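**Q** would you be able to build a 3D model of this:
(4 chains)
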There are 2 protein chains.
Amino acid sequence: MIRDPKGLVESYPKVPLTVDCVIFGFEENKLKVLLIKSDLEAFSGKLSLLGDIVKHNEELDDAAYRVLKERTGMNDVFLEQVRAFGSPNRHPGGRVITVAYCSLLNIHHHELKIHDNDLHWHSVASLKEMAFDHKEIVDVCYAWLQKRIQEHPLGFNLLPDKFSLRELQNLYEAILNVTLDRRNFRKKFASMDLLIDIDEMEQDVPHRPGKLYKFNFEKYKKSKRKWVGIDF
Amino acid sequence: MIRDPKGLVESYPKVPLTVDCVIFGFEENKLKVLLIKSDLEAFSGKLSLLGDIVKHNEELDDAAYRVLKERTGMNDVFLEQVRAFGSPNRHPGGRVITVAYCSLLNIHHHELKIHDNDLHWHSVASLKEMAFDHKEIVDVCYAWLQKRIQEHPLGFNLLPDKFSLRELQNLYEAILNVTLDRRNFRKKFASMDLLIDIDEMEQDVPHRPGKLYKFNFEKYKKSKRKWVGIDF
DNA sequence: ACAAAAGTGTTCTTATTACACCCATGT
DNA sequence: ACATGGGTGTAATAAGAACACTTTTGT
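**A** Numbers count the residues shown, from 1 in each chain, chains lettered A, B, ... in the order given. Take a look at the predicted model:
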């Protein structure tokens, strides 16, 4: 029976701990991810995720929100932990454990004010080599997003508050890398009855303007769907 | 531009890192989890997950496999990372980050030889308070399992190699906490065509014996299903 | 003979797919 | 007038849900 938990914990080996944010945005009908250039000479020119060490007494989620806030100036952004990455050799400076977070935001709701390290949006589809194991982390988070967006209303975080059905469909098509039937797509969302018709139209489009909608987060929260279906 | 990654990493704050395994089994038509009694006096009498520190230069997955091997004597057990838990106050001895793993094994394929700390199977449904944040970890892993078992053939890891359709259905009913229609359940698995009829029958049952099946892992691996369906 | 679970089909309902035409707007 | 995407319905198909009786074995 151990009476001195502090002594026990002090005897444990310790490792540096960071969070890395995979911040997705949507622009020009492409899924983008916010990246910087690595400032390690070993990864000179390579792209890197936005990350930071986790501070003493800081919640993991809070560390990730802090990174997000520092880099984008935005609060209240969708953020969820995906998983930890901890291969002993993932960092050239020695072992560093990182906890990866997936974040979704509307690119046009903020401007990148801090352009340190060449902070820019990059198309996910065309990402090549990255620093550390960051390409693997992006791949895992992208797969996570593809799955999640089919089962939860995450996608709306990537769009403006008001959006047209076309924009919504473009979002799904880009993320899932498929083409969807327009009528069936609209029927599907109509049957869910989670879009609010705000009685506004698109402006300044070079064609017939579409209606604009908002997502009914209130109604969604109340609808505790519980369904069971075995399928693999 | 940083030329000395080692110096950089050494400047990072460090925290102790552990893995905790939520080891599920299935017995008497109940989902069970393998637990010990905590050996911290602060949690005297409380139940605890099986965990250990992650060694220097050890992969996270390997650390989890090691815990599993040490406690159950089994190799080749299903194991998957769920997520990291890192609240600053989750351990009374100071901050400890843990990475939670979910593991599935057939209870009857091994005997618990090492009964240190009162190692035993406990019914998941009746778990009360636990040491640390381990109840939360079990809850998260259980929810993870409920979701995963509907989309991937994980459940077979909890059953013997040869099993009857009744056993399979009992497993799904226990984990998902629902009752399923027997005919529809059988039809579903028949249509998947992933069960191998091994032409054997149950033995020593006090009723009409059922046929025994194996799961066709080979065929499953080859069937790269790719479907898209928005539903939330 | 009885208890207990195995095995098996059909109908109904619901969700998914495939598909083509006219409409409103800007240039 | 033309180009561009908005908006809409129906028929066919597939998947899921509901439901009852006969069979086989052990006691």
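
**Q** hmm, A:L212 is touching A:K162, no?
**A** Yes. Look at A:L212 against A:K162 with C-beta atoms under 8 Å: they come within range, at 4.2 Å. In short, each C-beta sits where N, CA and C put it, glycine included.

**Q** in terms of neighbours, single out the busier of the two.
**A** Applying other C-beta atoms under 10 Å in any protein chain shown to A:L212 and A:K162 shows that A:L212 carries more neighbours, namely 21 against 15.

**Q** what angle do the longest helix anywhere in chain A and helix B:134-151 make?
**A** Assignment by DSSP state H gives helix A:134-151 as the longest helix of chain A. Taking axes from the mean of the first three to the mean of the last three C-alpha atoms, to 10 degrees, one finds helix A:134-151 and helix B:134-151 inclined to each other by 70 degrees.

**Q** for whichever helix or strand A:F24 is part of, buried residues please.
**A** Following DSSP states H and E, one finds A:F24 within strand A:14-27. Buried residues in strand A:14-27, defined by neighbour count with 16 or more other C-beta atoms under 10 Å in any protein chain shown: A:14-26.

**Q** run the angle between it and strand B:14-27 for me.
**A** Relative orientation of strand A:14-27 versus strand B:14-27 (the same axes, to 10 degrees): 80 degrees.

**Q** just the mean pLDDT for strand A:14-27, thanks.
**A** Computed over strand A:14-27, the mean pLDDT rounds to 98.

**Q** how about it and chain B, any contact?
**A** Yes. Shown here: strand A:14-27 in contact with chain B (C-beta under 8 Å from any C-beta of the partner chain) through A:14-18.

**Q** tell me which residues form a beta bridge with the residue positioned nearest the centre of chain A?
**A** Residue closest to the average C-alpha location in chain A (C-alpha atoms, centre = their mean): A:S103, at 2.7 Å. For A:S103, the beta-bridge partners are A:I23, A:L79 (DSSP bridges).

**Q** what parts of chain A come near DNA strand D?
**A** Residues of chain A found near DNA strand D (C-beta under 7 Å from any atom of the strand) are A:164-166, A:182-184, A:186-187, A:206-211, A:228-229, A:231.

**Q** ok so, going back, could you pull out the residues contacting both of A:L212 and A:K162?
**A** A:198, A:200 (C-beta atoms under 8 Å, 6 or more residues apart in numbering or on different chains).

**Q** against which helices or strands is the helix or strand just after the strand holding A:F24 packed?
**A** With elements assigned by DSSP H and E, the helix or strand that comes after strand A:14-27 is strand A:30-37. When contacts are defined as 3 or more C-beta pairs under 8 Å, 6 or more residues apart in numbering or on different chains; DSSP states H and E, strand A:30-37 sits against strand A:14-27, strand A:47-48, strand A:50-53, strand A:120-123, helix A:165-176.

**Q** for the residue nearest to A:E80 when sequence neighbours are not counted, grab the count of nearby residues.
**A** Closest residue in space to A:E80, ignoring its immediate chain neighbours: A:C102 at 5.6 Å, by C-beta to C-beta, 6 or more residues apart in numbering or on different chains. Look at A:C102: counted by other C-beta under 10 Å, it has 23 neighbours.

**Q** contact partners for A:C102?
**A** A:C102 touches A:21-22, A:24, A:79-82, A:141, A:144-145, counting by C-beta under 8 Å, 6+ apart.

**Q** how does it look with 7 Å?
**A** A:22, A:80, A:82, A:141, A:144-145 (C-beta atoms under 7 Å, 6 or more residues apart in numbering or on different chains).

**Q** what distance do you get for it to A:V33?
**A** As judged by C-beta to C-beta, to the nearest Å, A:C102 and A:V33 stand 10 Å apart.

**Q** just A:K6 next, same as before
**A** In terms of C-beta to C-beta, A:K6 sits 41 Å off from A:V33.

**Q** between the two, which one's more packed in?
**A** Neighbours per residue, other C-beta under 10 Å: of A:K6 and A:V33, the larger number sits with A:V33, 22 against 11.

**Q** quick check: bridge partners of that one?
**A** Beta-bridge partners, per DSSP bridges, of A:V33: A:F24, A:H122.

**Q** I figured it hits A:V138, correct?
**A** Yes. With contact defined as C-beta atoms under 7 Å, A:V33 reaches A:V138; the gap is 6.2 Å.

**Q** joint contacts of the two?
**A** When contacts are counted by C-beta under 7 Å, 6+ apart, A:V33 and A:V138 are jointly contacted by A:V22.

**Q** outline the domain layout of chain A.
**A** Listed by automatic domain parsing, the domain ranges of chain A are A:16-151, A:162-222.

**Q** distance to B:S87 added to those domains, as CSV?
**A** Formatted as CSV, these follow (distance: least, C-beta to C-beta, whole Å):
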stretch, distance to B:S87
domain A:16-151, 6
domain A:162-222, 25
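
**Q** quick one: which of the ones you listed is nearest B:V54?
**A** domain A:16-151 (7.2 Å; C-beta to C-beta).

**Q** what is the end-to-end distance of the closest one?
**A** Domain A:16-151 stretches 35 Å from its first residue to its last (C-alpha to C-alpha, to the nearest Å).

**Q** same question for stretch A:160-169.
**A** The first residue of stretch A:160-169 is 14 Å away from its last residue (C-alpha to C-alpha).

**Q** name the nearest residue to A:W121, ignoring sequence neighbours.
**A** Counting by C-beta to C-beta, 6+ apart, the residue nearest A:W121 is A:K32, at 4.1 Å.

**Q** ok, now how distant is the one you found from DNA strand C?
**A** When distance is defined by C-beta to the nearest atom of the strand, to the nearest Å, A:K32 is 27 Å away from DNA strand C.

**Q** repeat for A:S123
**A** 27 Å.

**Q** which residues are in contact with the spatially closest residue to that residue that is not a sequence neighbour?
**A** Nearest residue to A:S123 in three dimensions, chain neighbours excluded: A:K30, at 5.0 Å (C-beta to C-beta, 6+ apart). Counting by C-beta under 7 Å, 6+ apart, A:K30 makes contact with A:123, A:125, A:174.

**Q** near the second one, how many other residues are there?
**A** The one in question is A:A125. Neighbour number of A:A125 under other C-beta under 10 Å is 11.

**Q** then it would be within a helix, right?
**A** Yes. Under DSSP: H, G, I helix; E, B strand; the rest coil, A:A125 falls within a helix.

**Q** test my guess that A:G86 contacts B:E58.
**A** No. Counting by C-beta under 7 Å, A:G86 stays clear of B:E58, with 9.0 Å between them.

**Q** more crowded one of the two?
**A** More crowded of A:G86 and B:E58, by other C-beta under 10 Å: A:G86, with 26 against 21.

**Q** for that one, grab phi and psi.
**A** phi -150, psi 30 (degrees, to the nearest 10).

**Q** which neighbours do A:C102 and A:V33 have in common?
**A** A:V22.

**Q** apart from its neighbours in sequence, what residue is nearest A:K113?
**A** A:G73 (6.2 Å).

**Q** understood, closing this out.
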